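Enquirer: Need coordinates for the following:
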Amino acid sequence: MEAPSIGGVRIRPGDGQTVRLRRGASLTDLAEKIGVDPAALVQVLFNQGELVNANQSVADETLQILGVELNYDIQVVSPEDEDRELLESFDLEFGENIGDADLWVIRPPIVTVMGHVDHGKTKLLDALRKTNVVAREAGGITQAIGAYQVDTVVDDEERSVTFIDTPGHEAFTAMRARGAQVTDIAVLVVAADDGVMPQTVEALNHAQAADVPIVVAVNKIDREGADPAKVRGQLTEYGLVPEEYGGETMFVDVSAVTGAGLDDLLAAIVLTADASLDLAVNPDMPAQGVSIEAHLDKGRGPVMTAIVQRGTLNIGDSLVAGSAYGRVRALIDDHGNTVDAAPPSMPVQVLGLTSVPGAGDNFLVVNDDRTARQVAEKREARRRAAALAKATRRRTLDELFKELEEKGEELKLILKGDSAGSVEALEDALLAIDVGDEVSLRVIDRGVGAITETNVSLAAASEAIIIGYNVRAQGHATEQADREGIDIRYYSVIYDAIDDIESALKGMLKPIYEEVARGTAEIRQIFRSSKIGSIAGCMVLSGTIRRHAQARLVRDGVVVQTTRINTLRREKDDVVEVREGFECGLTLENFSDIRVDDRIETFEMVEKPRV
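Expert: Down below sits the predicted model:
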């Protein structure tokens with residue numbers, strides 16, 4: 001029996017069965033699943049006005065369109081399910097305790113410190129750790145995620161608490177969200193003299209979305225004008241009702257300057273963890289955890305700041321973190337000391353990876369280096385396919401022809417930063433800049449570490465600008481950039497980078513002109529000259545009539561001709577301009593069909609400033 005025609009192509013339609021595809025799958029992948037020729041799928045999309053070849057990564061929406069057309073329920077596997085299925089193929093599993101439950105221990109709670117910029121989050125941690133973190137921060141804001149462990153005594157028992165300090169600037173929303181997903185408890189810091197601010201609400205939303213208990217630290221109670229009761233009332237509107245008001249949220253008044261209330265805050269965190277969370281884990285299983293931050297150190301290579309969530313990480317373990325892998329060469333705790341092992345909830349810097357993992361990537365210990373490499377390579381291949389599919393925008397034939405006719409301006413960037421999270425946050429912030437459809441911004445490469453000659457060569461070939469965020473050019477890269485004429489911009493505060501790139505994009509916009517009326521004259525009499533032609537004797541009714549000005553001839557309310565003022569005379573003298581209330585004689589450029597009572601309107605095209 002001959003297959004029915006779909007979109008002009010002979011393909012037998014499905015009966016609604018489900019087809020699961022990875023992110024960034026190609027038409028060939030789909031063709032194999034449903035048993036058709038990939039060329040037939042290419043033809044179906046072509047008939048719908050879309051250009052897609054058989055082997056390129058296809059956007060999710062294009063796959064959904066094909067599914068509807070062919071009567072298949074196409075499901076694109078989520079990143080989490082994709083990674084879980086990948087690990088299962090290697091007989092690995094992430095996120096579950098294994099082993100004898102009698103040997104499990106209660107790990108320290110992992111706490112995320114969140115809140116509005118300049119409300120004292122880092123100073124609070126500074127006071128808890130008795131170290132000076134704030135002094136090292138550019139622009140007075142935290143621009144990387146740090147993790148620290150603090151010891152305390154609650155009910156005569158020694159307890160530890162692991163803190164994650166998330167950045168407060170709005171561009172680091174993604175990093176803050178990641179922190180909330182890692183954490184067990186969120187500490188919301190609100191300044192008693194400032195109250196609830198927009199980023200306070202944003203941080204609260206992240207914590208509530210992660211479904212974690214919240215402890216509120218009302219900071220700066222030592223300041224004049226501090227009103228802790230006002231903060232309690234404001235947060236009640238957002239569902240955080242203090243215990244003293246009959247609610248379930250613990251509020252603690254603290255001062256990072258005087259140290260008041262710090263012990264009470266630690267006790268509140270421990271009590272909240274004991275009451276609301278089950279933190280029992282197996283310390284003897286292979287370690288699993290999360291990469292909080294990662295950067296490339298000149299002397300030590302890739303360095304991952306990680307928190308162990310279950311199991312114990314030991315020197316010599318083979319681990320895979322995102323698409324990076326390696327064998328643990330050294331473990332360094334938050335005080336800079338080298339340790340042999342990292343138990344659950346302990347933050348450590350891990351040395352020995354072959355590349356820099358992404359901030360927020362899960363890591364787990366595997367049996368050997370070979371398994372770690374295979375998992376990492378497959379993760380990287382899937383990540384590249386998903387990124388390619390995301391970057392491949394659906395284009396119709398009409399759009400393609402339009403692009404060929406008029407190529408829009410595009411600013412290309414290469415981003416290099418000191419850490420994976422900073423580069424990601426900077427990229428997100430820059431791509432969010434909107435100056436209209438006339439110009440666009442594209443990040444052609446990104447990475448962690450110093451700016452290299454390879455980056456400069458790519459910038460020269462692509463006509464791109466290099467952005468260095470807390471990094472500098474190394475080796476002969478600076479000399480090569482000068483020789484090639486490559487613009488390298490260095491920044492240590494994200495505000496400056498965003499402002500400069502936005503100004504550059506606006507500078508690429510084509511100017512907008514608006515018409516400004518300059519003068520109106522009425523033809524009262526017409527003179528004929530064998531040498532010049534028709535001369536209009538006019539009275540200037542408004543404004544000024546200037547020689548060589550743009551002009552239009554209006555007859556009975558209809559524009560007859562748009563031209564220029566060719567000659568302009570006042571009595572017998574050539575003049576540059578004639579003002580309102582005076583008579584003049586003029587001729588129009590390349591036009592002589594003038595009549596009495598016609599009006600001549602002069603105007604000028606003036607560049608309009610963009611808002």
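Enquirer: got a list of what the closest residue in space to Ala473 that isn't next to it in sequence touches?
Expert: Of all residues not flanking Ala473 in the chain, Ile451 sits nearest, at 4.2 Å (Cβ to Cβ, 6 or more residues apart in numbering). C-beta: built from backbone N, CA, C; applies to glycine. Each residue near Ile451 by Cβ atoms under 8 Å, 6 or more residues apart in numbering is listed here: Lys416, Ile466, Gly468, Val471, Arg472, Ala473, Gln474, Ala477, Ile488.
Enquirer: Confidence-wise, which of the residues you listed comes last?
Expert: Among the contacts of Ile451, Gln474 carries the lowest pLDDT, at 85.
Enquirer: Helices of the stretch 351-500 of the chain, start to end?
Expert: Secondary structure of the stretch 351-500 of the chain, counting by DSSP state H, counting those that start in this stretch: helices at 369-391, 397-405, 420-431, 453-462, 477-484, 494-508.
Enquirer: Out of these, which gets the lowest mean score?
Expert: Note on the helices of the stretch 351-500 of the chain: helix 397-405 shows the lowest mean pLDDT, a mean of 51.
Enquirer: Please spell out which residues along stretch 53-63 are buried.
Expert: Within stretch 53-63, the residues scored as buried using 16 or more other Cβ atoms under 10 Å are Ala54, Ser57, Val58, Ala59, Asp60, Thr62, Leu63.
Enquirer: got the CA coordinates for that stretch in CSV?
Expert: What follows is stretch 53-63, C-alpha atoms only, in CSV (Å, rounded to 0.1, in the frame of the first residue of the first chain):
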residue,chain,number,x,y,z
ASN,A,53,19.6,20.0,6.7
ALA,A,54,19.6,16.5,7.9
ASN,A,55,22.6,16.5,10.3
GLN,A,56,22.3,19.9,12.0
SER,A,57,21.0,20.3,15.5
VAL,A,58,17.3,21.3,15.4
ALA,A,59,15.5,23.6,17.8
ASP,A,60,12.9,22.0,20.1
GLU,A,61,10.1,24.0,18.5
THR,A,62,11.0,22.7,15.0
LEU,A,63,10.9,19.1,16.3
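Enquirer: residues in contact with the nearest residue to Arg442 once chain neighbours are set aside?
Expert: Spatial nearest neighbour of Arg442, chain neighbours left out: Lys412 (5.4 Å); criterion: Cβ to Cβ, 6+ apart. Shown in contact with Lys412 (Cβ under 8 Å, 6+ apart): Arg442, Val443, Ile444, Ser462, Glu463, Ala464, Ile465.
Enquirer: what's the distance between stretch 59-68 and the middle of its chain?
Expert: The chain centroid and the centroid of stretch 59-68 are separated by 25 Å under Cα atoms, centre = their mean, to the nearest Å.
Enquirer: how about Ala260, phi and psi?
Expert: When read as degrees, to the nearest 10, the backbone of Ala260 gives phi -70, psi 130.
Enquirer: what residue is smack in the middle of the protein?
Expert: When Cα atoms, centre = their mean is applied to the chain, the residue found nearest the centroid is Asp428 (1.1 Å).
Enquirer: And the residue lying farthest from the centre of the chain, what's its pLDDT?
Expert: Relative to the centre of the chain, the most outlying C-alpha is that of Ser530, 70.5 Å out, by Cα atoms, centre = their mean. pLDDT recorded at Ser530 is 80.
Enquirer: Roughly how far does it sit from Ala517?
Expert: Distance of Ser530 to Ala517, given as Cβ to Cβ, to the nearest Å: 34 Å.
Enquirer: circling back: can you give me the separation between the residue nearest to the centre of the chain and Val19?
Expert: Distance, Asp428 to Val19, by Cβ to Cβ: 32 Å.
Enquirer: do Val58 as well
Expert: 13 Å.
Enquirer: Mutual contacts of these two, please.
Expert: What both Val58 and Val19 touch, as defined by Cβ under 8 Å, 6+ apart, is the set Leu30.
Enquirer: what's the burial count for Ala40?
Expert: 18 (other Cβ atoms under 10 Å).
Enquirer: cool, Asp211 as well?
Expert: Neighbour count for Asp211, taken as other Cβ under 10 Å: 8.
Enquirer: give me every residue that touches it.
Expert: By Cβ under 8 Å, 6+ apart, Asp211 has no neighbours at all.
Enquirer: Just say helix, strand or coil for it.
Expert: coil (DSSP: H, G, I helix; E, B strand; the rest coil).
Enquirer: Roughly how far does it sit from Ser276?
Expert: In this view, Asp211 and Ser276 are 11 Å apart by Cβ to Cβ.
Enquirer: Over to Glu484?
Expert: Distance of Glu484 to Ser276, computed by Cβ to Cβ: 58 Å.
Enquirer: so Arg595 is in which element?
Expert: According to DSSP states H and E, Arg595 maps onto no helix or strand at all.
Enquirer: My guess is it contacts Ile523. True?
Expert: Yes - counting by Cβ atoms under 8 Å, Arg595 touches Ile523, with 7.0 Å between them.
Enquirer: and the longest strand for the protein?
Expert: Determined from DSSP state E, the single longest strand within the chain is strand 512-529.
Enquirer: how deep is Val493 tucked in, by neighbour count?
Expert: 17.
Enquirer: actually Ile512, not the one I wrote
Expert: With other Cβ under 10 Å as criterion, Ile512 counts 11.
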